[in-house]
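K.L.:
let's see this in three dimensions:
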Amino acid sequence: MRNTPRAFVGTVMFRLENPVSAGVCDAVERQVGNLSGVSFCDFDEAAGLLIVTAREPVERADVLALLDRLDCRVAQ
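P.N.:
Here you go, the predicted structure:
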């Protein structure tokens, strides 16, 4: 994910390191989806991918900080 710009518009995928429980999945989708500028957020459990679409610039650091608070580690 190092190629993801600091702020992004459009669709970005974050690959998570470990399996995520259904409850955490729902929390991730809800909380990332509520970030300012995010228009779509979906978690593909089978692939371990968080898909985020932004209509306005979203700081990658904000997404990463939120994932960290939810104890989700992004693969580097």
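K.L.:
the worst-scoring helix or strand of the chain on mean pLDDT - contacts with which helices or strands?
P.N.:
Sorting the helices and strands of the chain by mean pLDDT, DSSP states H and E puts helix 22-33 at the bottom, at a mean of 88. Using 3 or more CB pairs under 8 Å, 6 or more residues apart in numbering; DSSP states H and E as the contact criterion, the neighbours of helix 22-33 among helices and strands are strand 38-44, strand 49-59, helix 60-69. Quick note: C-beta positions are derived from backbone N, CA and C, even for glycine.
K.L.:
among the ones you listed, which is nearest residue 15?
P.N.:
Of all the helices and strands packed on helix 22-33, it is strand 49-59 that lies closest to residue 15, at 5.7 Å by CB to CB.
K.L.:
so which of the helices and strands packed on helix 22-33 gets nearest residue 10?
P.N.:
strand 49-59 (6.6 Å).
K.L.:
which residues sit against the closest one?
P.N.:
Residues external to strand 49-59 that are found in contact with it (CB atoms under 8 Å, 6 or more residues apart in numbering): 6-16, 28, 32, 35-44, 63, 67, 72.
K.L.:
selecting buried members of these in ChimeraX, what would you type?
P.N.:
Typed into ChimeraX, the next command selects the buried ones out of the contacts of strand 49-59 (criterion: 16 or more other CB atoms under 10 Å):
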select :8,12,14,16,28,32,37,38,41,43,63,67,72
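K.L.:
tell me the spacing between the nearest residue to residue 45 once chain neighbours are set aside and residue 11.
P.N.:
In space, residue 45 comes closest to residue 25 once its chain neighbours are excluded; the distance is 6.1 Å by CB to CB, 6 or more residues apart in numbering. Residue 25 sits at a distance of 18 Å from residue 11 (criterion: CB to CB, to the nearest Å).
K.L.:
shaky segments in this protein?
P.N.:
Low-confidence segments of the chain, defined by pLDDT under 70, span residues 1-5.
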